[in-house]
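S.K.: Let me see the structure of the following:
(one chain, ligands or ions: 1)
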Amino acid sequence: MKKYDLCVVGGGFSGTMAACAAARDGLSVLLLEKSGALGGAANVNYVLPFMNFNYRNREMNEMRPLSKGLFLEFIGRMQEMGALLHEACIHFNEEYLKIVLDDMTGDYGVDVLFHSTFIGADTEDSADGKKIVKKVRFMNVNGVMEAEADRFIDATGDGLLFADAGCEYHIGREGDHKTQPMTLCFRMGKVDVDRYYREDRKKINDLWKEKLAAGELLNPREDVLIFRHLTSDVLHLNSTRVLGNPTDPFERSNAEKTARKQMLELFNFLKENAPSCKDATILSSSFEIGVRESRMVEGLYTINTQDILECRKFDDAMTAGNYDIDIHSPDGSGTTHFWIPDGDFYTIPYRACVPKDAENLWVVGRCISSTHEAQAAYRIMPIVACIGEGVGIMTAVAKKNGQKNYEITDEQVRESMDARGLVEGH
Ligand SMILES: Cc1cc2nc3c(=O)[nH]c(=O)nc-3n(C[C@H](O)[C@H](O)[C@H](O)COP(=O)(O)OP(=O)(O)OC[C@H]3O[C@@H](n4cnc5c(N)ncnc54)[C@H](O)[C@@H]3O)c2cc1C
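M.R.: Predicted coordinates for the structure are as follows:
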């Protein structure tokens, strides 16, 4: 296999957009994905919908997107295919989503390898003690293969590449290192969805709370979290809740089994108690349980709660967001929200994507450098897509100037993002 300018590991929204952005700027890019399609959590975990990424600009008195660039191009392509449903958030059909991401990576010239699971990295130490990733090993139908590249991006969500390369990282909240719970999303068909929202929703939630208080439920979640689907008689349930360490393979395996029991519990509960669900069937559950939070790299900068709630505007901002700090309790019941002031937004700095102990490796997506609380805000798909695009652009700048990841300046980030109008307020 040829040596690439950049190898991206993980084809979720962050990795796919990083790969497209770097290839658009002339880099040869290899994208490794362990499943058979791009989209990450939207594909393998049935995550839906895109959380809101617009805000009201008070001066202009208009709604404006905070997630821009390739993410908006993706939204435009989905709209053309009739694959979106606009409510407060944007619901999508994930089968079209996979095709659009195939088209985008194809159009920008990314080499994609599906069914290719990263299994390890070869590194060397630089003179000043930083890791240099030389190659990655991955497994597919051909056996174990290797890919060499000058630069690498970890977009695996779980930080598999930076962990294997020996970079420092942390897990969960300060003190007890507990993470947000895992959730297996699933779908129910043959539901009278309009009736559910009109007549059953409140009653169902009151009854759920009673049963929870009486200790009759396996699932510790405080309510029943349901979304519409593009198919009018389908309900999407994001409502199982399993506590545990997602980086422990036994705990993660047990989480799958526990979540399946919770799925059956939710299904039976709705079928028995909601007239709109009396004829319902379980359609399917996602391929893998969804992990909200696991390893987070120790970066040149660690995003914290104040940065999010005080809407900090970084000099090396790559994108902006206003999704709240939304923490599903790592202890069981309860979801806490810390809201962003109306009409304002926070930004995501480039330095949070640069491991402090590696020189040719970047991190994108939900495992960049931040605290447990800050991650609970920027982890949504529109924002991680834009983090990916920003880093992809900066890998091309690094190549052009022969720079290491940490040598990129704030001015270079600003110029590069402004050239594409990626940061609101610039
Ligand atoms: C249950 C749940 C509900 C959520 N709800 C919403 C929501 O409603 N709206 C919203 O916008 N966001 C939501 N999120 C958050 C959002 O989905 C994630 O934070 C986001 O998708 C993270 O993107 P990512 O690119 O970092 O990682 P991911 O989307 O997880 O992508 C990582 C990719 O890496 C691949 N990969 C992993 N290991 C390897 C390997 N060894 N080799 C090769 N490839 C590998 C995976 O297959 C995957 O494709 C939710 C998350 C969860 C878990």
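S.K.: quick one, what contacts whichever residue of the stretch 301-426 of the chain sits closest to the ligand?
M.R.: The nearest approach of the stretch 301-426 of the chain to the ligand comes at residue 365, 2.1 Å away (Cβ to the nearest ligand atom). Placement of C-beta: from N, CA and C, glycine included. For residue 365, the contact set (Cβ atoms under 8 Å, 6 or more residues apart in numbering) comprises 10, 12, 13, 14, 15, 40, 155, 156, 157, 384, 387, 388.
S.K.: what do you get for residue 116?
M.R.: 32, 33, 34, 138, 139, 140, 145.
S.K.: Using neighbour counts, trim the residues you listed to the buried set.
M.R.: For these, a neighbour count by 16 or more other Cβ atoms under 10 Å gives the buried set as 32, 33, 34, 138, 145.
S.K.: How about residue 282, nearest residue that isn't a chain neighbour?
M.R.: Leaving aside its chain neighbours, residue 282 sits nearest to residue 267 (5.3 Å; criterion: Cβ to Cβ, 6 or more residues apart in numbering).
S.K.: got the residues of the chain near the ligand?
M.R.: The chain has residues 9-15, 32-35, 40-41, 44-45, 47, 49-51, 117-118, 155-157, 160, 183, 185, 238, 290-292, 365-366, 379-381, 384 near the ligand, with proximity defined as Cβ under 6 Å from any ligand atom.
S.K.: Among those, which lie within strands?
M.R.: Counting by DSSP state E, the part of these found in strands is 9, 32, 117, 118.
S.K.: okay, the nearest residue to residue 176 once chain neighbours are set aside: pLDDT?
M.R.: Spatially, and ignoring its direct neighbours in sequence, residue 176 is nearest to residue 330 (7.9 Å; Cβ to Cβ, 6+ apart). At residue 330, the pLDDT value in this model is 96.
S.K.: Residue 330: neighbouring residues, count only.
M.R.: By the criterion of other Cβ atoms under 10 Å, residue 330 has 19 neighbours.
S.K.: cool, and residue 169?
M.R.: Neighbour number of residue 169 under other Cβ under 10 Å is 18.
S.K.: From residue 55, how far out is the residue of the stretch 301-426 of the chain closest to the ligand?
M.R.: 22 Å (Cβ to Cβ, to the nearest Å).
S.K.: Equivalent analysis for residue 319, please.
M.R.: Counting by Cβ to Cβ, the gap from residue 319 to residue 55 is 13 Å.
S.K.: Mutual contacts of the two, please.
M.R.: Here residue 319 and residue 55 have residue 66 as joint contacts, going by Cβ under 8 Å, 6+ apart.
S.K.: domain parsing for this protein?
M.R.: As assigned by automatic domain parsing, the chain contains the domains 4-174+293-419, 186-285.
S.K.: residue contacts, the residue of the stretch 151-300 of the chain found nearest the ligand?
M.R.: In the stretch 151-300 of the chain, the residue that lies nearest the ligand is residue 290 (2.8 Å; Cβ to the nearest ligand atom). Neighbour list for residue 290: 41, 45, 46, 47, 182, 183, 184, 185 [criterion: Cβ under 8 Å, 6+ apart].
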